[in-house]
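Chemist: Fold the stuff below for me.
(chains A, B, C and D)
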Number of protein chains: 2
Amino acid sequence: MQSQNISDIIEKYLKSILGDSQQIEIKRSEIAELFNCVPSQINYVINTRFTIQNGYVVKSKRGGGGYIRIVKVNLLDDSDVIKDLVNIIGDGIDFNKSLQIIQSLFQEDLLTRRESNLIIASIDKRTLAFEDRQIENIVRARILISILNRLRYDD
Amino acid sequence: MQSQNISDIIEKYLKSILGDSQQIEIKRSEIAELFNCVPSQINYVINTRFTIQNGYVVKSKRGGGGYIRIVKVNLLDDSDVIKDLVNIIGDGIDFNKSLQIIQSLFQEDLLTRRESNLIIASIDKRTLAFEDRQIENIVRARILISILNRLRYDD
DNA sequence: ATAATTAAAGTCAGTATTAGTCAAATTAAA
DNA sequence: TTTAATTTGACTAATACTGACTTTAATTAT
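Modeler: Prediction:
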């Protein structure tokens, strides 16, 4: 077996303790200790291997009693379609193009009318009015992508 | 597994004795004694978990026979609450406060779980991460207010 | 009545306990 | 050799806990 770097090993370990359960909760420092690495290595593993693309969602809390929770989500059937849309959006999109995307999602029954309206409200020109038009489109893209990625899985 | 800090435990306890009732009245020192912590910890729990954004209003009295009263408020029939929320949002709000507001709206059935999740995705820290932290909060406030307005039209 | 005492709760700043970020250094792969 | 992935650690941020001090209200003493 090749490439047994620590990140791969930690990844395997986390997946093994995930096992059949839907989610795990770990203490970053404990895992780091266990594998004799710096704590931020755990972040690296999570950021590179437990992404939504791979079907994982991660939540965490700092401070006393803090934790990192890794949740395995099941990607929906339309997940790939949405992924393609995300690629189209790239790192900037204007309001009209966004509207088209939302409308098509609505027509595909991937969004209710109410949901569509809420999203439109959030990426609307007035909501995102900046001095700089370019920034507006960047922010809009980020918001849309974040929402689309959220649509790729249920709770 | 999760939430092993005293604050979370006290929060759960208070919510459990709240139960179905609209309000409870506690003695700070008694609760502190019960959980073997300093009295000001109770203030900490209240200030971080029983705020108006969480859907609670707290009243208290000092001196002999003093108490802390926690009241669960209803967003629907209390227009002052909505006003308070808008005030809190103001022209800048951080992610955590926003999250609390969304959760309250969900608990009051003003948002579905899916809608809540989509909104959370759109105002998430990563989504709105800018060079300037201030801008992040400004945009988040605009999005939230835009959404609140949208909700108003719907009814 | 007024003052002193007692019995609450509030505030705030300091400390402790987590996790996150970022970029430089190193290692592996192409 | 160039590029990509990994490793590291110093610095940052968020959350929780504590205790000394303050404020307010009720009760008791004068």
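
Chemist: mind listing what the residue most central in space within chain A touches?
Modeler: Of all residues in chain A, the one closest to the mean position by CA atoms, centre = their mean is A:I52, 4.7 Å from it. Contacts for A:I52 (CB atoms under 8 Å, 6 or more residues apart in numbering or on different chains) come out as A:73, A:149, A:152-153. All C-beta spots, glycine's among them, are computed from the backbone N, C-alpha and C.

Chemist: In helices only, show me the residues you listed.
Modeler: Of the contacts of A:I52, the ones assigned to helices by DSSP state H are A:N149.

Chemist: Closest one of the contacts of A:I52 to DNA strand D?
Modeler: A:N149 (20.2 Å; CB to the nearest atom of the strand).

Chemist: On the pLDDT front, check the closest one for me.
Modeler: Predicted confidence (pLDDT) for A:N149: 94.

Chemist: One more: A:Q2?
Modeler: 51.

Chemist: What ranges does chain A have for its strands?
Modeler: A:23-26, A:56-61, A:67-72 (DSSP state E).

Chemist: ok, which residues in chain A are in contact with DNA strand C?
Modeler: A:2-3, A:5, A:26-29, A:39-40, A:42-44, A:46-47, A:58, A:60-68 (CB under 7 Å from any atom of the strand).

Chemist: Go back to those residues and keep what's next to chain B.
Modeler: A:63-65, A:67 (CB under 8 Å from any CB of the partner chain).

Chemist: will you turn the residues you listed into TSV that also has pLDDT, neighbour count and distance to B:V81?
Modeler: As requested, those are arranged in TSV below (pLDDT from 0 to 100; neighbours: other CB atoms under 10 Å in any protein chain shown; distance: CB to CB, whole Å):
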residue	pLDDT	neighbour count	distance to B:V81
A:G63	97	7	29
A:G64	96	10	31
A:G65	96	15	30
A:Y67	98	18	32
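
Chemist: check contacts around A:Q100.
Modeler: So A:Q100 contacts nothing (CB under 8 Å, 6+ apart).

Chemist: Kindly report the same for A:D132.
Modeler: Neighbours of A:D132 in contact, by CB under 8 Å, 6+ apart: none.

Chemist: Format the CA atom coordinates belonging to stretch A:130-150 as CSV.
Modeler: Extracted in CSV, the C-alpha atoms of stretch A:130-150 (Å, rounded to 0.1, in the frame of the first residue of the first chain):
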residue,chain,number,x,y,z
PHE,A,130,-21.9,47.8,-3.4
GLU,A,131,-19.8,50.6,-4.6
ASP,A,132,-18.1,48.1,-6.8
ARG,A,133,-20.2,46.1,-9.3
GLN,A,134,-17.6,43.5,-9.5
ILE,A,135,-17.8,42.8,-5.8
GLU,A,136,-21.5,42.5,-6.1
ASN,A,137,-21.2,39.7,-8.6
ILE,A,138,-18.6,37.9,-6.6
VAL,A,139,-20.7,38.0,-3.4
ARG,A,140,-23.8,36.8,-5.4
ALA,A,141,-21.8,33.9,-6.7
ARG,A,142,-20.7,32.9,-3.3
ILE,A,143,-24.2,33.0,-1.9
LEU,A,144,-25.6,31.1,-4.8
ILE,A,145,-23.0,28.4,-4.7
SER,A,146,-23.4,28.0,-1.0
ILE,A,147,-27.2,27.6,-1.4
LEU,A,148,-26.8,25.2,-4.3
ASN,A,149,-24.4,23.1,-2.3
ARG,A,150,-26.8,23.0,0.5
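
Chemist: residues of it that come out buried?
Modeler: A:136-150 (16 or more other CB atoms under 10 Å in any protein chain shown).

Chemist: And chain A, what are its domain boundaries?
Modeler: What automatic domain parsing lists as the domains of chain A is A:6-72, A:79-151.

Chemist: Kindly indicate which of the ones next to chain B among the residues of chain A next to DNA strand C lies nearest chain B.
Modeler: A:G65 (3.1 Å; CB to the nearest CB).

Chemist: A:K27 versus that closest one, what's the distance?
Modeler: 9 Å (CB to CB, to the nearest Å).
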